[in-house]
Structures are given as C-alpha cells and as structure tokens.
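A.B. asks: Show me how the following folds:
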Amino acid sequence: MMIKLPSLREVVDQYGLMAKKSLGQNFLLDRNITDKIIKLSLEAQRQADFSNASVYEIGPGPGGLTRAILQAKPQTLTVIEMDSRCIQIMQDLKNSGYPQLRIVEGDALRYDFLADELSNKNIVSNLPYNISVPLLLKWLRQIKEYQSLTLMFQKEVAERIMAIPNSKVYGRISVLAQLMCQIKPLMNLHPACFTPAPKIWSTVLLFMPKEQVPELVLLQMVEKLTEAAFGQRRKMIRQSLKSVKNLEQICAKLQISPTARAENISPQQYLQIAQSIMQLQ
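C.D. replies: Got it, this is the predicted structure:
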C-alpha cells in the first residue's frame, strides 16, 4: 500500500538537510524537472518505462530523482549514498510502498556493480560534481554491462565529453566516451533549479553503448595513449608518445602525421594506434 509522500521541501526541512560541499551535493527538488529527465531519457531509448530494467542512482539526496525513477516502474532501484541523513530518507521512501528500492550506504567509486546479479542495468543520476568523471570512466570500462547511463554533469564537463577533435575542450574523456557510447544531450539546467544553487549550469547526457565496443585491454591501451598525449597536449605526438615503439611506422601506416598534436587525433585514430601497438607486441 502506497503512503502519501511529503513534499521534497518538507523532507529537507524535516531532516535539516543542508547540502554538504564535501560530498558535492546540489539537490534537485523540482518534480517537473526530475520527471522530465526520466521522460526524455526513456523517449530517447524508445522505452515506455523501466519495467524490464534494474536501475542504479548515485547520491539520491532527498529523493527527487528517486521518486521520478520509481514512477517509471523499475524492477529494482538501487540507491548508493554516503550521507547517513539521506539513507534514512531512502528508508522512509522504501517503507512508504516501494519494496523494490535497494539501499546501499557507501562509496559508489568502491561499489562493485558487476557483482550484482541483476539484468538490464541502467544508471540514472544527478552525479556529485566531485566524482562525476571518475565514475563515468569506471562505467565506460564496464559499458557492456549496461543498457544506458543517464547522467547529469557540470555543463563544462558535458561539453568536454561531447567535444570534437581540433577544439580546445577536446580531451581524454571525449575520446574514451565517444569510443564506447553514442551520446545524446537531453537538457540543460539553470543553477536556480538546484538547492543550493551552484555557480554553473548543468547538462543531462544519455550514454548508450555502441554495438561494437573495444575490449577492455584495448580500451586500457587507449587510456594510456590519451593520458600521455593530452598530458603534453601542446607537443607533437612524436614527442608526447615517444615511449611508443615503432611510432613513426605506425603513424605512416595509419596516415597520421607524427607532427599532429593530441587534439588533432580522432577517437577512432587513437583506437587504431592502440590496435597497431598491440599487434606489434
């Protein structure tokens, strides 16, 4: 039996839930916005709801996005939260008529998502700003395990993720994300949508795994290449990637100029370099 839920503002007041900067918290309390995020994500995936899916949410806070996900009827919703105050809010929500809600108190960076024997995994989250990129990298390495990732980032981080070669913000995360996923921007959010209001806009992105993605060992080679290349992004790759054996030979074969810089090389070209290195090993 469903129990009538208090408003999110009432929940925040009841628990004295002042956002903690140390946890990267900025709460989204407008149900119109949280409902729209879920609606746009499902529409882009051509899904009516999450009825055949297991969903994860990181840092649910007072539960605005959590409620919107639950309305989309997931088989299970696993929330992972470090703030003990929010754990109690989640327990109250579970007790109000949502037995499919699984509550984990802990660090999402340490959580073993692959250990859960759940099917059709999706992640939907207003990510804590301070761990958004490390979490994305973790999920990209495991992307075959997921149907989709619907994630909110600082707008400038989202722009880096979607950046194209030869742009100033194109970098490692652009290469890795675009190699593994089709990425679709869903909506931008004004700072005033959040409590407390951050100084920057936010963007919600949908990541859908590509049909063919590089194996983990190949992705790890791309990670090493991009770390070296973008670590010295103003240098030509013949200098920044000088530790790569037979670099000149590989570049000639792939028709990549050794005088190119990190931002001049496409995600597919980084993958081709990685493949060539592994073939010569």
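
A.B. asks: measure stretch 51-60 end to end?
C.D. replies: Length of stretch 51-60, first residue to last, C-alpha to C-alpha, to the nearest Å: 20 Å.

A.B. asks: Same question for stretch 108-128.
C.D. replies: The first-to-last residue distance of stretch 108-128 comes to 10 Å (C-alpha to C-alpha).

A.B. asks: ok, now stretch 164-174?
C.D. replies: End residues of stretch 164-174 are separated by 8 Å (C-alpha to C-alpha).

A.B. asks: List the buried residues of that stretch.
C.D. replies: In terms of neighbour count (16 or more other C-beta atoms under 10 Å), stretch 164-174 has its buried residues at 165, 170-174. Any C-beta I mention is one placed from the backbone N, CA and C, and that applies to glycine too.

A.B. asks: where exactly do the helices run in the stretch 1-150 of the chain?
C.D. replies: Secondary structure of the stretch 1-150 of the chain, counting by DSSP state H, counting those that start in this stretch: helices at 8-14, 31-44, 64-71, 84-95, 132-141.

A.B. asks: helices or strands up against the shortest one?
C.D. replies: Using 3 or more C-beta pairs under 8 Å, 6 or more residues apart in numbering; DSSP states H and E as the contact test, no helix or strand touches helix 8-14.

A.B. asks: How far off centre is it?
C.D. replies: 27 Å (C-alpha atoms, centre = their mean, to the nearest Å).

A.B. asks: how far away is residue 203 from residue 83?
C.D. replies: Computed as C-beta to C-beta, to the nearest Å, the residue 203 to residue 83 distance reads 24 Å.

A.B. asks: Kindly report the same for residue 254.
C.D. replies: For residue 254, the distance to residue 83 - C-beta to C-beta - is 48 Å.

A.B. asks: Between these two, which is the more surrounded one?
C.D. replies: residue 83 (19 against 13; other C-beta atoms under 10 Å).

A.B. asks: Which pLDDT value belongs to the more buried one?
C.D. replies: Residue 83 carries a pLDDT value of 86.

A.B. asks: Report how many residues lie close to residue 235.
C.D. replies: Residue 235 has 15 nearby residues by other C-beta under 10 Å.

A.B. asks: How about the one 3 residues further on?
C.D. replies: Close neighbours of residue 238, defined as other C-beta under 10 Å, add up to 15.

A.B. asks: Repeat that for residue 179.
C.D. replies: 22.

A.B. asks: do residue 99 as well
C.D. replies: Residues near residue 99, counting by other C-beta under 10 Å: 8.

A.B. asks: Tell me the spacing between it and residue 57.
C.D. replies: 16 Å.

A.B. asks: now residue 177
C.D. replies: From residue 177 to residue 57 the distance is 20 Å (C-beta to C-beta).

A.B. asks: So for those two, which sits in the more crowded spot?
C.D. replies: Taking other C-beta under 10 Å, residue 177 and residue 57 do not tie; residue 57 has more neighbours (28 against 24).

A.B. asks: How about the contacts made by the more buried one?
C.D. replies: Shown in contact with residue 57 (C-beta atoms under 8 Å, 6 or more residues apart in numbering): 65-66, 69, 77-80, 123-125.

A.B. asks: What does the pLDDT read for it?
C.D. replies: 97.

A.B. asks: again with residue 10
C.D. replies: So, for residue 10, pLDDT stands at 73.

A.B. asks: quick one: low-confidence parts of the stretch 51-200 of the chain?
C.D. replies: Judged against pLDDT under 70, the stretch 51-200 of the chain has no low-scoring part.

A.B. asks: any idea where the strands of it begin and end?
C.D. replies: Along the stretch 51-200 of the chain, counting by DSSP state E, counting those that start in this stretch, strands occupy 54-58, 76-81, 101-105, 121-126, 146-154, 181-189, 194-195.
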